[in-house]
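**Q** Quick one, fold the following:
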Amino acid sequence: MEMLVVIGIIGILSAILIPAITGAIGTARDTAIRMEVDVIDQALAAYNLKYGDYPPDFYQWKDVERHFRTAFPDINDTELRILAQFTHVNDSLARCGGSGVTDPRTSSAFAHYPHAMDRAEALVFCLGGYSSDKKRPFTGQGGPLALVASASYPTTASDTDYQLFQFNSDRDNAFFDFGSARNSVIVVDGSGTFNPLGLAAPYAYSDDESVANALGFAQLPDPFPVAFPGVSELPVAYFSADNYQYALGSAAQGSWAWQQAGSKHLMNVYSPPGDLQDVGAAQVFVSAQQDTTPKSTLAGLPVVAAGAYEFVEPKRFQLVSAGRDNHFGGIFVPQGSGSYVTALPMFTTGQFYNPFGLPAAISGTPANLSSVDRYQDGYAYEKMGGSSPYTTRPMLDNITNFSTSTLDSDLP
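**A** Numbering: from 1, shown residues only. Prediction:
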């Protein structure tokens, strides 16, 4: 009888303590992620103080080249040409290697691809530190790129110059210590299946492109890793205010299929490797503050002007962490369901917003999913005409540089 009483007491205590312990662990994880985001925010502020601008998020090449020519007035043009060889692709989403084109910036056969260096890779590239060599900030000693074994810095331009470089783990002048963080860098020795350069000698490359992402962006292996600075299993996404307007896509940027209006390739989102239902996609947020001087177009697309909403952090940037569940959530209905069938999350209401008034099933001017609140990603998917990939509300525990803690914590 006494044993039964003891067992009963243990059961009662377990029922009380286990949820409390679980909750405490979850809160501790939230706090750790909040601190990660805060430190990255501070690093970006320090970067801005030194260079007079925040780093580009690499959505548009013109922003990239303008930024680095301003930050490094004496930069060797070869540095930018090599970087462009990594980020420019042709109509088949292939780089310039073997094409005979040594500078894709000046060739009509190539264009900058918005996801060649994605919104998480851009943070590591820019905040990890540049070389003190004013002419070679990328490939000089301590810069983000290092020559592979037996290679020499190109003195004569070639269409494969970018293939001479690997990730440099020994960087100088860092704004954020990614060197001590977990990252996606692996040493390729020629014996594995992931060997982008096909070399027998070991070299350091990022393997975050070795697995396809949910949105079908081009897999372009490169020496640009993502980092997991703390308890998160997914990196923090960085969106520059310069390119918020492309969060829902863009008018046609060229004649190729991936450059057309309605193409998912033109959406400014971060899609990590994996299935959408498992990891989601990080998005830009709008605020509940109405824009008193709304634009008639957004990324070249006509919008419903009345009642348009401002973006959060309109002069700086947005940092988005997937939170303790390692899932961004987010809304993206793939092509085939209609152009721009997507919406942006609204902080702090948890509603979703589409400035183009699509589809017709959504009411409001502009289309504001007023019946969807508390970041109900799945329900919003269905309202936008798609099928929900989510069984929970994964966006609720996302942590950003503009939220107090989780998005859930700021809901009214």
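**Q** List the contacts of V185.
**A** F167, S169, A204, Y205, S206, D207, P225 (CB atoms under 8 Å, 6 or more residues apart in numbering). (Each C-beta comes from the backbone N, C-alpha and C, glycine too.)
**Q** nearest residue to it other than its sequence neighbours?
**A** Take V185 and drop its neighbours on the chain: the residue closest to it by CB to CB, 6 or more residues apart in numbering is P225, 4.7 Å away.
**Q** if we can go back for a sec, which of the contacts of V185 are buried?
**A** For the contacts of V185, a burial check counting by 16 or more other CB atoms under 10 Å picks out F167, A204, Y205, S206, D207, P225.
**Q** so the second one bridges to which residues?
**A** Residues in a beta bridge with A204, per DSSP bridges, are V187.
**Q** how much space between it and M267?
**A** Here A204 is placed at a distance of 30 Å from M267 (CB to CB, to the nearest Å).
**Q** now swap in the first one and tell me
**A** From F167 over to M267 the distance is 27 Å, taken as CB to CB.
**Q** swap in G97?
**A** Distance from G97 to M267, by CB to CB: 27 Å.
**Q** what's the answer for F165, then?
**A** Using CB to CB, F165 is found at 29 Å from M267.
**Q** Farthest-apart pair in the contacts of V185, please.
**A** S169 and D207 (14.6 Å; CB to CB).
**Q** mind showing which ranges of the protein have poor pLDDT?
**A** Where the chain drops to pLDDT under 70, the residues are 1-26, 179-181, 305-307, 333-341, 357-370.
**Q** Could you chop it up by domain?
**A** Domains of the chain are assigned by automatic domain parsing as 55-229, 232-412.
**Q** What's the end-to-end length of the shortest one?
**A** With CA to CA, to the nearest Å applied, domain 55-229 spans 19 Å between its terminal residues.
**Q** Now do the buried residues in stretch 262-277.
**A** Using 16+ other CB under 10 Å as the test for burial, stretch 262-277 gives 262-274, 276.
**Q** I misspoke; the intended subject was stretch 90-105.
**A** Within stretch 90-105, the residues that count as buried by 16+ other CB under 10 Å are N90, L93, R95, C96, V101, T102, D103, P104, R105.
**Q** can I get those residues in JSON lines with distance to F175?
**A** Listed next are those as JSON lines, based on distance: CB to CB, whole Å:
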{"residue": "N90", "distance to F175": "34"}
{"residue": "L93", "distance to F175": "32"}
{"residue": "R95", "distance to F175": "29"}
{"residue": "C96", "distance to F175": "31"}
{"residue": "V101", "distance to F175": "34"}
{"residue": "T102", "distance to F175": "32"}
{"residue": "D103", "distance to F175": "30"}
{"residue": "P104", "distance to F175": "29"}
{"residue": "R105", "distance to F175": "27"}
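**Q** Dump those residues into CSV; add distance to R81 and secondary structure as well.
**A** CSV is the format used below for the buried residues of stretch 90-105 (distance: CB to CB, whole Å; DSSP: H, G, I helix; E, B strand; the rest coil):
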residue, distance to R81, secondary structure
N90, 16, coil
L93, 20, coil
R95, 13, coil
C96, 10, coil
V101, 11, coil
T102, 7, coil
D103, 5, coil
P104, 8, helix
R105, 7, helix
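**Q** Go through those residues and say which is closest to A380.
**A** Once CB to CB is applied, the member of the buried residues of stretch 90-105 that ends up nearest A380 is L93, at 29.4 Å.
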